[in-house]
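1. What follows is a predicted structure for the sequence shown.
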Amino acid sequence: MNKQDQLIIFDTTLRDGEQSPGATLNFPEKLEIARQLARLGVDIIEAGFAIASPGDFDAVSRIAQEVGQFDNAPVIASLARTNKADIDRAWGAVQHARRPRIHTFLATSDIHLQYKLKISRSDCLEQAGDMVQYARSLCSDIEFSPEDAGRSDPAFLYEVLKVAVEAGATTLNIPDTVGYVTPTEYYNLIKGIIDNVPSIRERGVILSTHCHNDLGLATANTLAGVLAGARQVEVTVNGIGERAGNTSLEEVVMAMHTRKQFYAPVYTRVDTTQLVRTSRMVSSLTSIAVQPNKAIVGANAFAHEAGIHQDGMLKNPLTYEIMRPESVGWNSTNLVLGKHSGRAALNDRLKQLGYELTRDELDKVFARFKDLCDKKKVVADADLEALLTDQFESLDNDLFKVEEIHVTSGTGNTPIASVRLTDSDGEIRADAALGNGPVNAICNCINRLTGVDAKLVEFQVHAVTEGIDAIANVTIRVELSGADGKKYIYSGRSADTDTLVASGKAYLAAVNKGLSRANKNITPDRQKIGSV
Ligand code: KIV
Ligand code: ZN
């Protein structure tokens, strides 16, 4: 197959995806996802926005040092605005990778130039040229994105792109930042760029798609871009991202795979059997549930309910199935573990699920696994994922830890919770509080013990497996005042066979995040791209 026809899969789950409201990932979670993305076979991992916070810088540089050093390592990229400080920071983080990339962007639509950046078109041209050139003086792989390209004047867009190529950009990414355009328009946009910026072809510059899903058209637009000549697609696992999200990786990959003849000679080198595993990992670590009817990775994606369909499926799966579930990783051995399973069996299963744990991490999860075996006869993959998510989450919980939670509730009396916590000095704090429900009573009690004014704004609980002994996975979002007095949202989650205990732990996890960011004076949930 011709290298020119390989569709480069640029995964931005850890950057644009992480911009989903409340989806902040800590470093071990980002590293697990990056390792899994490498296993999936993506070509480029945008590991973050290095200048956003010290935590983001560390995450990008450690992913570059580890995943960026694998054999056949993916390119590791960091986002940067078109200024020297951002570009230096991005380079500082990605330079450790075998194949580093700086991805720099500047808006080109009149709306953004006039209202957001308050610069003229000629300032924009100058800034794009100077900063791409500067980035190129540091790194040989430079991607330039004209933000809001979808709403930019095409003639001006061509000028900016010409300048960027002249200054050394090796990839030009064309974002439909606000998810506004339709497939035909996006096709024409990419085609127009190829026809009007001849240096793209002359210098072998790759054109890339970057679509948002505000009108539900992200995948369709991306595929239209590929038909028009784009050879890189920017995507996220499960389509997570700002607002309605980004183009979903699994949808694009499976469209190319299932309709090979239609897209030939373009192909991807993704291992499609890793798709479901990757989706589940991202969903459990970000606490963003996958809708059941989501294409490819939703729980119902291969479920046939109607009698006529079931009859057809029994006679020949081709009647109603365009892809085999195994080809995307469904039905891959769902081994169950139990109380006789040892450390090695647990480690082995976790590896198959895509998690690589240190000795210490494995010891901790093994202790919790044994605990769980006392309460549940069989421990399924979903239980293990829930335990791990809980363990990663508790890394942020260095301020307060739950020792005990008791709740009394029922008909005819006001729910009351008593909670015991240990604080960061190892002192025990205990109190009791009433509430209008048992969860509210726990939250009120935690507020009193930690001295915060947190408010529960979202509460989700789901049983990770079937059966009366299932683990409850609780995800909570709280509103909390930051160091600057403004209100911010923090998420927390926890898993336990007792739903109320999981609720209390999840609430405390969110409060701990808020408190630790306020203590370190970090802008909560970092600088978001929208505010640049
Ligand atoms: O949507 C967008 O415009 C972006 C750019 C920063 C590439 O995410
Ligand atoms: Zn985007």
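-> Arrived safely, thanks for sending. Ligands and ions are numbered 1, 2, ... in the order given.

2. Name the residues of the protein found near ligand 1, please.
-> 16, 105, 145, 147, 173, 175, 177, 210, 212, 529 (C-beta under 6 Å from any ligand atom). Bear in mind the C-beta positions are built from the backbone N, C-alpha and C, glycine included.

3. and residue 414, how many residues sit next to it?
-> 11 (other C-beta atoms under 10 Å).

4. List the contacts of it.
-> By C-beta atoms under 8 Å, 6 or more residues apart in numbering, the residues touching residue 414 are 434, 435, 436.

5. what's the answer for residue 120, then?
-> residue 113.

6. pLDDT score for it?
-> Note on residue 120: pLDDT of 98.

7. Return the distance of it relative to ligand 1.
-> 20 Å (C-beta to the nearest ligand atom, to the nearest Å).

8. of the contacts of residue 414, buried ones?
-> For these, a burial check counting by 16 or more other C-beta atoms under 10 Å picks out residue 435.

9. Narrow the contacts of residue 414 to those in strands?
-> residue 434 (DSSP state E).

10. Serialize the contacts of residue 414 to JSON lines and add fields for pLDDT.
-> JSON lines is the format used below for the contacts of residue 414 (pLDDT from 0 to 100):
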{"residue": "434", "pLDDT": "97"}
{"residue": "435", "pLDDT": "96"}
{"residue": "436", "pLDDT": "94"}
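
11. circling back: if you rank the residues of the chain next to ligand 1 by neighbours, which is first?
-> residue 210 (28 neighbours).

12. Show me the contact partners of the host helix or strand of it.
-> Assessed by DSSP states H and E, residue 210 sits inside strand 206-211. With contacts defined as C-beta under 8 Å, 6+ apart, strand 206-211 is touched by 8, 10, 12, 143, 145, 170-177, 179, 186, 190, 193-194, 200, 217-219, 221-222, 225-226, 229-234, 246-247.

13. and what of stretch 188-204?
-> By C-beta under 8 Å, 6+ apart, stretch 188-204 touches 149-150, 154, 157-158, 161-162, 165-166, 172, 174, 181, 205, 207, 209, 224-225, 228-230.

14. now do 6 Å
-> Residues outside stretch 188-204 that contact it (C-beta atoms under 6 Å, 6 or more residues apart in numbering): 154, 158, 161, 162, 165, 225, 228, 229, 230.

15. Go through those and name the one nearest residue 76.
-> Nearest to residue 76 among those: residue 230, at 21.5 Å, using C-beta to C-beta.

16. who touches that closest one in this structure?
-> Residue 230 neighbours (C-beta under 6 Å, 6+ apart): 190, 207, 208, 209.

17. The longest helix anywhere in the chain - contacts with which helices or strands?
-> Longest helix in the chain, counting residues (DSSP state H): helix 499-519. Packing contacts for helix 499-519, counted by 3 or more C-beta pairs under 6 Å, 6 or more residues apart in numbering; DSSP states H and E, involve strand 401-408, helix 438-450, strand 472-481, strand 487-496.

18. ranking those by mean pLDDT, which is last?
-> strand 487-496 (a mean of 84).

19. any idea how far the closest residue to residue 98 other than its chain neighbours lies from residue 382?
-> Counting by C-beta to C-beta, 6 or more residues apart in numbering, residue 98 lies nearest to residue 73, which is 5.0 Å off, once chain neighbours are set aside. Using C-beta to C-beta, to the nearest Å, residue 73 is found at 31 Å from residue 382.

20. How about residue 18?
-> In terms of C-beta to C-beta, residue 18 sits 23 Å off from residue 382.

21. Which one's more surrounded, the two?
-> Ranked by neighbour count (other C-beta under 10 Å), residue 18 and residue 382 place residue 18 first, with 29 against 21.

22. quick one: the strands in this structure?
-> For the chain, the strands defined by DSSP E occupy 8-11, 44-48, 75-81, 100-107, 142-147, 171-176, 206-211, 232-235, 401-408, 416-422, 428-434, 455-463, 472-481, 487-496.

23. Run through who's touching the longest helix of the chain.
-> 393, 396-397, 399-400, 402, 405, 407, 438-439, 442-443, 446, 450, 452, 454, 461, 472, 474, 476, 478, 480, 482-483, 490-496, 524.

24. Quick check on those: which are buried?
-> By neighbour count, with 16+ other C-beta under 10 Å, the contacts of helix 499-519 hold 393, 396-397, 399-400, 402, 405, 407, 438-439, 442-443, 446, 450, 452, 454, 472, 474, 476, 478, 480, 482, 490-496, 524 as buried.

25. Can you tell me, leaving aside adjacent residues, what's nearest to residue 139?
-> residue 102 (5.0 Å).

26. oh, I was asking about residue 84
-> Residue 84's closest residue in space is residue 134 (C-beta to C-beta, 6+ apart), at 6.2 Å.

27. Pull up the gap between residue 204 and residue 171, please.
-> 10 Å.

28. Over to residue 391?
-> Distance of residue 391 to residue 171, computed by C-beta to C-beta: 37 Å.
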